[in-house]
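> Curious how this folds, go ahead:
(one chain, ligands or ions: 1)
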Amino acid sequence: MMAPPSPHFQYEGGELTIDGYSVRAIAEEYGTPLYIYSAASIRKAYEAIDRALSFTPHLIAYAVKANGNLAILKLLAELGSGADIVSGGELARALRAGFSPDKIVYSGVGKTARELREAIETGIRAIHVESAFELDLIESIADSIGTKARIAFRVNPNVDPQTHPYISTGLHSSKFGIPIDEVESLLPRTLKSSSLDLVGLTMHIGSQLGSPAPLAEASELLGRFALKCMERGAQFESLDIGGGWPLAYGNESDPYPPPSEFGRAIRRGLEASGILKHDLLILTEPGRSLVGDAGLLITEVLGLKASATKQFVIADASMTELIRPALYDAYHAVMPVCEPRDRETIIADLVGPVCESGDFLARNRAMPRPKPGELLAIRGAGAYAREMASTYNARVLAPEVLIDGDKARLVRKRPTYDSLFENEVF
Ligand code: LLP
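Below is the predicted model:
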């Protein structure tokens, strides 16, 4: 079983610990399935990206969609992070957690009038405009409030990030952003508008970049285009180069380059464009690389069964707690909580109780034969796990515990059955 090495998840005295805490003891207290997060891991990941961008004034705008738990948001806000949001709900979360509005940027291709109004009234750093119709809508809302909306055009640079097609966002075949020539044609009316304040440009080419080269190329392109806009009268404060900072899940044949290399590539691209001397604030929007490896999903093995062709390990966690394997065939490393010693290795599917054949957490995986009642820890569950969870099959959402220094805190409770139908009328 391949698991990325981590100083935060270690076997001590034959048992898996997270920053020195016994995973078994926490699971006994709160039950399974259960998410456990390491604050130390998040801080370290944040500092690595912060260092990588130290060559320029910068703002890390954490992509709230990766994990919007308030305790995690608060931790990041306290580190100085900003927030990249994609809905009114995420705006409410970010504000509740303490992000200052001038550190919040708002991406997404389909913002509603209500959401835009909330963002304009809050006075966030920038709404990322993703279409001409959205520009019209923002302008008319700002006009009706009698204010100027701060915006940045999301440019679609048409650069191939060479990643999974589902997480590729900067090609003309994707729904995100506006092609450069269209942004250019929207520029004169935007600059003339008394309700729009164009503060910068933004882009996002995709997640999980295996190499920083496409990011360098796209940064150069964005930098050059920014200069062109500035020559035409735009007064830019910032440039958002998106993200793509990768997270190692453990099955990679080639290791991902470290954040420092991504930082160097961004610097190279921006330097080549000539924009760096203008001292703009450079934004980036990492999500999973900050929180992904900080999280474990803990599950209890309910039993084993075999068919003529397959061995199944049935656990109490499922696609409702971690949908990434079912949705993207994503790999997540699985570590037994009790250190496996001299155990037979089996090849099995780790599956959950949900009534779907696609409900698997690991497929054809070599693993030490688990015992019923034993706990397993699924790695890489800090990002897009709880956040994409559902109550399908009337399953209640799993609770979350945050380990921070000498504290292990329940930061979201397990809901009751009653909560499943509290908003229903019959
Ligand atoms: N900024 C923008 C504009 C994005 O679209 C995304 C991801 C991010 C930042 C953060 O990307 P990250 O650093 O986390 O890779 N549910 C999928 C991921 C969808 C990501 C969509 N956008 C998954 O579980 O892999």
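> Quick check: which ranges of this structure have low pLDDT?
Across the chain, the ranges flagged by pLDDT under 70 are 1, 167.
> which residue of it sits farthest from its center?
Ala308 (39.6 Å; Cα atoms, centre = their mean).
> which parts of stretch 28-45 are buried?
Buried residues in stretch 28-45, counted by 16 or more other Cβ atoms under 10 Å: 30, 32-45. (C-beta placed from N, C-alpha, C; glycine too.)
> Next one: the closest residue to the ligand within the stretch 251-400 of the chain from Ala39, what distance?
Proximity of the stretch 251-400 of the chain to the ligand (Cβ to the nearest ligand atom) peaks at Gly287, 2.5 Å away. Using Cβ to Cβ, to the nearest Å, one gets 17 Å for the distance from Gly287 to Ala39.
> my guess is the residue of the stretch 251-400 of the chain closest to the ligand meets Ala66, correct?
Yes - look at Gly287 against Ala66 with Cβ atoms under 8 Å: they come within range, at 3.3 Å.
> Torsion angles phi and psi at the residue in the stretch 1-150 of the chain that the ligand sits nearest to?
Proximity to the ligand, evaluated over the stretch 1-150 of the chain using Cβ to the nearest ligand atom, is greatest for Ala63 at 3.6 Å. Note on Ala63: backbone dihedrals following degrees, to the nearest 10 are phi -80, psi 100.
> Could you report the neighbour count for it?
28 (other Cβ atoms under 10 Å).
> Next, the contact list for it, please.
Asp84, Gly243, Glu285, Pro286, Gly287 (Cβ atoms under 8 Å, 6 or more residues apart in numbering).
> I'd assumed His204 was in contact with the second one.
Right, Gly243. Yes - with contacts counted by Cβ under 8 Å, Gly243 reaches His204, the gap being 6.3 Å.
> If you count surrounding residues, which of the two has more?
Gly243 (30 against 27).
> Quick check: closest non-adjacent residue to the more buried one.
Excluding the flanking residues, the one nearest Gly243 by Cβ to Cβ, 6 or more residues apart in numbering is Glu285, at 4.5 Å.
> Would you list the phi and psi of Arg363?
phi -120, psi 140.
> swap in the one 5 residues further on?
The phi and psi torsions at Pro368 (degrees, to the nearest 10) take the values phi -60, psi 130.
> Specify the beta-bridge partners of it.
Bridge pairing for Pro368 (DSSP bridges) gives the partners Thr345.
> and it, how many neighbours does it have?
So Pro368, with other Cβ under 10 Å, has 17 neighbours.
> Surely it is in contact with Pro340?
Yes - with contact defined as Cβ under 8 Å, Pro368 counts as touching Pro340 (3.6 Å).
> coming back round to it: would you enumerate the residues in contact with the residue nearest to Gly243?
Taking Cβ under 8 Å, 6+ apart, we find Glu285 in contact with Ala61, Tyr62, Ala63, Asp84, Val105, Ser107, His204, Asp240, Gly242, Gly243.
> one more time with 7 Å
Glu285 makes contact with Ala61, Ala63, Asp84, His204, Asp240, Gly242, Gly243, according to Cβ atoms under 7 Å, 6 or more residues apart in numbering.
> All the helices of the stretch 301-426 of the chain, residue numbers only.
Counting by DSSP state H, counting those that start in this stretch, the stretch 301-426 of the chain has helices at residues 324-328, 417-420.
> ok, and what's touching the longest one?
Okay, so that is helix 324-328. Helix 324-328 is touched from outside by His164, Tyr166, Met319, Ala330, His332, Gly358, Asp359, Phe360, Leu361, Ala362, Tyr384, with contacts defined as Cβ under 7 Å, 6+ apart.
> tally of neighbours for Trp245?
Trp245 is flanked by 27 other residues according to other Cβ under 10 Å.
> One more: Gly250?
Count around Gly250 with other Cβ under 10 Å applied: 18.
> Could you tell me whether it really is in a strand?
No - applying DSSP: H, G, I helix; E, B strand; the rest coil, one finds Gly250 to be coil, outside a strand.
> ok, the closest residue in space to the residue of the stretch 1-150 of the chain closest to the ligand that isn't next to it in sequence - contacts?
Of all residues not flanking Ala63 in the chain, Gly287 sits nearest, at 3.2 Å (Cβ to Cβ, 6+ apart). Contacts for Gly287 were tallied using Cβ under 7 Å, 6+ apart; they are Tyr62, Ala63, Lys65, Ala66, Gly243, Ala383.
> Equivalent analysis for Val109, please.
Contacts of Val109 by Cβ under 7 Å, 6+ apart are Glu130, Ser131, Lys175, Phe176.
> So it: helix, strand or coil?
Here Val109 is recorded as coil under three-state DSSP.
> which parts of the stretch 51-200 of the chain sit against the ligand?
Ala63, Ala66, Asp84, Ser107, Ile167, Thr169 (Cβ under 6 Å from any ligand atom).
> who wins for most neighbours among these?
Highest neighbour count within these: Asp84, with 31 neighbours (other Cβ under 10 Å).
> Going by distance to Val291, which of the contacts of Glu285 wins?
Ala63 (9.3 Å; Cβ to Cβ).
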